[in-house]
Each structure stands twice: as C-alpha cells, then as structure tokens.
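J.: coordinates only, sequence not included:
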C-alpha cells in the first residue's frame with residue numbers, strides 16, 4: 001500500500017512503523033515465496049517476451065476462467081504483476097515468479113492458498129512448456145544467461161549494485177526465497193520479536209538450506225542464496241546492531257533506515273535515480289535530483305522497502321532468510337515462526353534463550369551458516385542443536401494456540417519437513433549433493449526434474 005502524497009516530517013517517520021501495532025486478536029500471517037523458472041524443452045531461463053514467456057504467463061493468468069480475478073499491473077504496456085485483493089503475483093529481476101499471499105488467520109489457509117496457486121500454474125505450465133524450481137538459487141545458468149525483466153526500478157538497482165558489492169546481481173537474478181510476515185501489538189512486543197527473530201534466523205537458514213549448486217556444479221555451499229546476501233550491499237543488508245540495544249524501538253529502527261542510502265523516488269510513474277543519496281538530506285529539501293522538494297509518505301514507504309536486512313520491519317515483521325522450497329516447505333516457514341512468536345509462553349522461552357547472545361556472535365553465525373548449515377558451531381554447541389530446540393518450541397507454541405483444521409489437526413502438522421531435517425541431520429541441499437555425486441553422475445540436469453514444483 002502506498003500512502004497519500006503529502007509531505008512527511010521528521011517526527012512522523014517512526015509513526016509509520018508504530019501504526020503497525022495491532023491487538024492480538026487481529027494478528028494474521030502472510031507468506032511470500034519465489035520460484036526459479038525454466039523452459040521444459042531446453043532448461044533455459046524463461047524469457048519475458050515471446051510465445052512461451054513470463055509475459056504470456058501473466059496474461060494467461062489474468063484471463064484464466066477461475067474463481068478469482070487477477071488484475072494486471074502494467075509498466076510501459078507490459079504486465080509486471082497481478083493483483084487480487086491483498087495478494088499479488090510479482091516478478092523478481094531474473095523472472096523469478098513470486099506469490100505474495102494475503103494476510104491470513106491460520107496456516108491451514110496459507111497451505112490452501114499456496115496449493116491453489118500451484119493448481120493454476122500447473123494448468124498453464126504445460127501449455128507454455130515452462131516449469132518452476134523449488135530451490136534457493138538458479139543451479140545451471142550463469143548470470144549472463146538470465147534475462148532481465150522490464151521493470152524500471154531494476155535498471156536503477158543493477159547499475160548501483162556493482163558499486164557496493166560483488167554478488168548483488170546474483171542476488172537479483174538467481175536467488176529465490178520464502179518469507180513470512182508477522183504482526184506485533186506494541187513497541188515492546190515488536191522489539192522482543194525482532195531480537196528473537198534475528199538470533200534464530202541463522203538456524204532457520206540452515207534448516208531450509210536448498211541451494212548447493214551454481215553454474216552447473218556444486219558451489220561449495222549449502223545455501224548459495226544466503227551467501228549472496230553477505231556480499232550484496234553492507235549498508236542495507238545483514239543484522240543491524242541497533243536491534244541488540246536495550247532501548248531498541250521504532251525510533252532506533254527509523255534512524256537505521258535513514259542511514260540506508262537511497263535508490264530512487266517515484267514521480268509521475270517514473271523512477272528517478274537517487275542512488276547513494278541521503279534521505280536525511282531529502283527531509284531538508286536538499287536532494288540533488290529534486291532540489292527544494294520534500295519527501296512524501298509514499299517516498300518514505302518506498303525507501304523503507306529498499307532495505308534488505310535478514311529481518312525487516314515495516315508495519316509488520318518480515319523474516320526473510322529461508323531458501324525457497326516446495327509446497328510443504330512454504331507452509332513450514334510461517335508455521336515455524338508463528339509457533340515461536342505468536343504464543344506468548346513460547347516467545348518468552350525463546351527470549352530467555354537468546355537474550356544474552358551478542359550482536360557480533362550472531363553476525364559471525366550468519367556468515368558461516370551458508371557453508372555448513374546444521375553443522376555450524378555456535379557458542380558451545382552447534383546449529384543442529386539449536387534448530388531442534390526451536391523446532392520443538394514452535395511445535396509446543398502451535399499446540400498451545402490449538403487452531404485445528406476440519407479434520408481436527410493442529411497447525412503443528414506443517415512442521416513435519418523440518419522434523420525430518422533435524423532427525424536425519426541432512427538438509428535438502430545435502431540430499432541433492434549426494435544424488436548429484438551418485439545417481440545423477442554429476443549431471444545437474446537431473447535436478448530440474450527432482451526440484452520442480454509438481
């Protein structure tokens with residue numbers, strides 16, 4: 001949602017986040033997932049233009065005769081997204097297709113929403129001879145092989161990315177993730193949830209590791225996607241230190257966002273390149289590209305959306321650190337975080353575990369997890385221990401909430417893929433690497449069948 005176009009003043013900035021406060025009975029959870037596309041006849045990335053293309057897929061989805069109507073969002077006459085109520089289907093820079101689900105009351109609804117999305121795609125994929133992969137990083141094709149989507153904001157970002165990091169273009173073109181969006185009831189509740197989420201995010205990254213390949217061979221990592229974020233842009237990614245301060249709140253998060261260099265502003269449907277400029281200067285009417293002009297609420301909301309930390313605060317909390325996966329894995333992520341953060345006794349238990357962890361310890365863990373996942377040492381144990389611990393916490397939290405489907409099954413059922421991981425000690429990435437070295441005879445093409453969304 002873009003707010004009204006009127007000037008925003010410095011003292012109002014933190015209010016944007018504060019307006020996210022919701023009473024517990026109004027809490028919902030949103031789920032977003034991305035998918036890496038490919039042409040089934042050649043395994044190459046799906047082009048935007050052409051008969052068998054992203055453009056055609058979006059047009060067919062908009063025209064499809066099904067229960068809900070998806071409305072196309074156009075840029076320069078090209079469909080770049082679809083909208084249906086509070087849900088949307090959007091494009092990442094390399095054509096990764098994303099479903100941003102509506103805020104829903106239960107994980108049962110989330111599971112149904114994702115399943116319905118795949119039902120729609122399945123009918124069109126065969127017609128267009130395309131498919132989508134349930135993994136975190138394009139496994140075969142190099143960066144130069146990936147077609148850019150015709151979205152103007154990506155033109156600004158691609159020019160800037162190479163100035164601030166070595167893997168930003170890989171992040172844009174070749175990665176795919178699943179994220180969950182959660183509510184909070186107060187500043188205190190937000191601060192506790194943010195701290196817990198940042199501390200536990202590396203364990204989640206480890207459990208969901210599903211991107212061990214790059215350029216057609218093993219990358220030496222279990223989450224190549226997570227590794228990309230370590231060298232994208234240090235000013236807008238990672239783990240802000242302010243979250244670990246005792247007085248962390250809306251004001252301190254606002255100060256961190258103000259320190260993030262700008263990308264662009266939007267005027268008359270055109271993106272104006274402001275890369276590297278300061279939003280603080282903009283507040284004083286000193287933005288070189290718009291001299292004497294002051295930012296609007298919409299400008300601030302747009303700037304907030306260009307920060308990419310592991311856990312992002314908007315008017316809800318986004319947990320962003322998992323590799324993309326299949327239907328069951330997509331449902332597992334919001335179930336995990338709901339169990340940890342929405343049941344108060346479980347949240348307090350998680351807080352008691354992490355409240356003594358230091359910022360530098362968690363940063364170091366985040367940097368090591370992409371390579372060794374569950375086997376990564378942390379404090380006097382390893383990530384596998386903590387992953388099993390938080391998974392059992394989440395199960396208890398969901399059992400306490402006791403929200404059942406029509407068959408009487410609790411939301412904890414959606415944690416099953418994660419229990420398989422901690423029981424076996426093997427991530428999806430580990431399993432694929434074993435297949436690659438044995439049954440697949442080091443031929444990455446087999447992964448396109450193995451990891452394809454059915």
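T.: Nice, thanks for sending it over. From a predicted model like this one, the values you see are computed outputs, not experimental measurements. Residues are numbered from 1 along each chain as shown.

J.: tell me which element residue 37 falls in.
T.: For residue 37, the element it lies in under DSSP states H and E is strand 29-39.

J.: Next, the buried residues of that strand.
T.: 29, 30, 31, 32, 33, 34, 35, 36, 37, 38, 39 (16 or more other Cβ atoms under 10 Å). Where C-beta positions appear, they are placed from N, C-alpha and C, glycine not excepted.

J.: So the residue of the chain positioned farthest from its centre: helix, strand or coil?
T.: Using Cα atoms, centre = their mean, the residue of the chain lying farthest from its centre is residue 292. It sits 35.9 Å away. For residue 292, the assignment made with DSSP: H, G, I helix; E, B strand; the rest coil gives coil.

J.: Surely it touches residue 285?
T.: Yes - judged on Cβ atoms under 8 Å, residue 292 makes contact with residue 285 at a distance of 5.2 Å.

J.: got the contact list for residue 12?
T.: Under the criterion of Cβ atoms under 8 Å, 6 or more residues apart in numbering, the neighbours of residue 12 are residue 297.

J.: got a pLDDT number for it?
T.: Here the pLDDT value assigned to residue 12 is 97.

J.: and it, how far is that from residue 318?
T.: Distance, residue 12 to residue 318, using Cβ to Cβ, to the nearest Å: 22 Å.

J.: Same check on residue 377?
T.: Residue 377 is 28 Å from residue 318, by Cβ to Cβ.

J.: just how off-centre is stretch 19-30 within its chain?
T.: 20 Å (Cα atoms, centre = their mean, to the nearest Å).

J.: ugh, wrong one, I meant stretch 89-104
T.: 10 Å.

J.: average model confidence for it?
T.: Mean predicted lDDT for stretch 89-104 stands at 98.

J.: do the same with stretch 144-159
T.: 97.

J.: what does stretch 196-207 give?
T.: 98.

J.: what does stretch 419-429 give?
T.: Per-residue scores along stretch 419-429 average to 98.

J.: buried stuff in it?
T.: For stretch 419-429, using 16+ other Cβ under 10 Å, the buried residues are 419, 421, 422, 426, 427, 428, 429.

J.: about what we covered before: following the strand holding residue 37 in sequence, what is the next regular element?
T.: Assigned by DSSP H and E, the successor of strand 29-39 is helix 54-63.

J.: mind listing which of the buried residues of stretch 419-429 are in strands?
T.: Within the buried residues of stretch 419-429, no residue falls in strands by DSSP state E.

J.: Next, residue 311: phi, psi?
T.: phi -130, psi 120 (degrees, to the nearest 10).

J.: what's the neighbour count on the spatially closest residue to it that is not a sequence neighbour?
T.: In space, and not counting its chain neighbours, residue 311 is closest to residue 197: 4.5 Å by Cβ to Cβ, 6 or more residues apart in numbering. Number of residues near residue 197 (other Cβ atoms under 10 Å) recorded here: 27.

J.: ditto for residue 385
T.: So residue 385, with other Cβ under 10 Å, has 15 neighbours.

J.: Can you list the residue ranges for helices in the stretch 101-250 of the chain?
T.: Here the stretch 101-250 of the chain has its helices, by DSSP state H, counting those that start in this stretch, at 107-128, 152-164, 168-174, 187-207, 224-229, 250-259.

J.: Quick one: list the elements packing against the strand holding residue 37.
T.: Judged by 3 or more Cβ pairs under 8 Å, 6 or more residues apart in numbering; DSSP states H and E, the packing partners of strand 29-39 are strand 97-100, helix 107-128, strand 130-133, strand 177-182, helix 327-341.

J.: tell me the most buried of the ones you listed?
T.: Mean neighbour count, computed with mean count of other Cβ atoms under 10 Å, is highest for helix 327-341 among these, reaching a mean of 27.

J.: what residues does whichever helix or strand comes after it touch?
T.: The element immediately downstream of helix 327-341 (helix or strand, assigned by DSSP H and E) is helix 344-354. Applying Cβ under 8 Å, 6+ apart, the contact partners of helix 344-354 are 192-193, 195-196, 199-200, 339-341, 389-390, 393-394, 396-397, 400.
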